[in-house]
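In: Here's my sequence, what's the structure:
(one chain, ligands or ions: 2)
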Amino acid sequence: MTLLEVKNLKVEFVTVSGSVKAIDGVSFTVNRGEVVGVVGESGSGKTTLGLAILKILPLNGRIVSGEIIFDGRDLVKLSEEDMTKVRGKEISMIFQDPMTSLNPTMRIVDHVAEALIVHYRLSKEEARSKAIEALTAVGIPENRVLDYPHQLSGGMRQRVMIAISYALKPKLLIADEPTTALDVIVQDQILDLLKELRNRQKTSILFITHDLSVVADIADRVIIMYAGKIMEIGSVEQIYYSTLHPYTQGLLKSIPKIGSNSDLYTIPGNPPDMLNPPPGCRFHPRCPFAEEKCRKENPPLVEVSEGHYVACWRCVK
Ligand SMILES: Nc1ncnc2c1ncn2[C@@H]1O[C@H](COP(=O)(O)OP(=O)(O)O)[C@@H](O)[C@H]1O
Ligand SMILES: [Mg+2]
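Out: Residues are numbered from 1 along each chain as shown. Ligands and ions are numbered 1, 2, ... in the order given. Predicted coordinates:
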């Protein structure tokens, strides 16, 4: 059942001002065919988590410790040569701005075809016809497949990225804010496409977003991250209707409601400076319920009911 198991992962960046512990002891699982949302404000470590799983961290970043068990193998221990076989074919990643992953001088059909040639050693003709199949399956009309990336809208470019996943059939897709730059209607279309990908190919998806309202629509389970740590994990129902962590409660209150004209709530304060995160629970300076213990001791992530985990001293005695 389990496809990915991340165990006590720690990632840090070396900077001139010191080291940033961007991921600080994170553990979770993703099952086969499951969509898991990763939600948190900007700077909580979501992108770093995705890059670490694929081992494509920036040069000043490194995995300090932990395990990333994917389909039975620990990716942390895998050689760079073996990782190149995992990337794209077994795990692929799409980003907020597809332009960063697309070659501006290459026609979109060739992006998909090249991926097929590299990973499946298809002939040029075979790759091209499979590429056209994948592009039309994600809603790109056949008369557009010879376009260059800049000739397409943002939503269409994201479709090209999804077409690559559609063609390569990875077991896991890491989608890092794939709809954040798109307008609401296109956002819904892209979410529908990702759901279809999951339903048709049983692709597991790690869906990263800063927007808790988006995951309700697509995720089975949700991971709430704050300042490099997991605050809460649960099913969409548990996170929405049996919310435990004050941070999750704050995120939920910040979602705009249709028909309400009262001022939008924002969680007071700012995420911590990750060079000097606060001691104890990292959320305590912004938490309305913080007590003495919260300022001193970091609460462990514990399972309080079936599948519902929280790191908060209010819930753990
Ligand atoms: N290359 C880098 N060098 C130094 N710090 C970085 C680097 N990349 C990210 N960070 C820091 O790591 C933390 C997590 O960043 P990131 O994973 O991008 O968060 P998110 O995707 O949740 O917005 C932030 O404090 C960010 O400033
Ligand atoms: Mg990010």
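In: What about N276, how many residues nearby?
Out: Counted by other CB atoms under 10 Å, the residues lying close to N276 total 10. In short, each C-beta sits where N, CA and C put it, glycine included.
In: in the stretch 51-200 of the chain, which spans are strands?
Out: Counting by DSSP state E, counting those that start in this stretch, the stretch 51-200 of the chain has these strands, from start to end: 61-70, 73-74, 91-94, 172-176.
In: Quick one: closest of these to ligand 1.
Out: Relative to ligand 1, the nearest member of these by CB to the nearest ligand atom is strand 61-70, separated by 5.6 Å.
In: Give me the contacts around the closest one.
Out: Outside strand 61-70, the residues within contact range by CB atoms under 8 Å, 6 or more residues apart in numbering are 3-14, 22, 25-26, 48, 51-53, 55, 57, 74-76, 86, 90-91, 172.
In: about what we covered before: need the strands of the stretch 51-200 of the chain in TSV with mean pLDDT, distance to L135 and mean neighbour count, can you?
Out: Putting those into TSV (pLDDT from 0 to 100; distance: least, CB to CB, whole Å; neighbours: other CB atoms under 10 Å) gives the following:
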stretch	mean pLDDT	distance to L135	mean neighbour count
strand 61-70	98	28	17
strand 73-74	98	32	13
strand 91-94	96	15	24
strand 172-176	98	17	25
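In: Is ligand 1 within reach of stretch 11-25?
Out: Yes - residues of stretch 11-25 contacting ligand 1 under CB under 6 Å from any ligand atom: F13, T15, V20, A22.
In: Can I get the buried part of these as one ChimeraX selection?
Out: To isolate the buried ones among those in ChimeraX, judged by 16 or more other CB atoms under 10 Å, type:
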select :13,20,22
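In: Give me the distance between stretch 158-170 and the centre of its chain.
Out: When distances are taken as CA atoms, centre = their mean, to the nearest Å, stretch 158-170 is centred 16 Å away from the chain's centroid.
In: So for that stretch, mean pLDDT?
Out: When pLDDT is averaged along stretch 158-170, the result is 95.
In: Show me what that stretch is in contact with.
Out: Defining contact as CB under 8 Å, 6+ apart, one finds that stretch 158-170 is touched by 88-92, 94-95, 98, 101-102, 108, 111-112, 115-116, 119-120, 130-131, 133-135, 137-140, 149, 152, 173, 178-179, 182, 190, 193-194, 197, 201, 203.
In: Return the subset of these lying in helices.
Out: In helices, judged by DSSP state H, the following of the contacts of stretch 158-170 are found: 108, 111-112, 115-116, 119-120, 130-131, 133-135, 137, 190, 193-194, 197, 201.
In: centre of the chain versus stretch 125-137, how much separation?
Out: The chain centroid and the centroid of stretch 125-137 are separated by 27 Å under CA atoms, centre = their mean.
In: same check, this time on stretch 164-183
Out: When C-alpha coordinates are averaged (CA atoms, centre = their mean), stretch 164-183 and its chain have centres 9 Å apart.
In: what about it, near ligand 1?
Out: No - no part of stretch 164-183 sits near ligand 1 under the criterion CB under 6 Å from any ligand atom; the closest distance found is 7.2 Å.
In: Show me what counts as buried in that stretch.
Out: Of the residues in stretch 164-183, those buried under the neighbour-count criterion (16+ other CB under 10 Å) are 164-179, 181-182.
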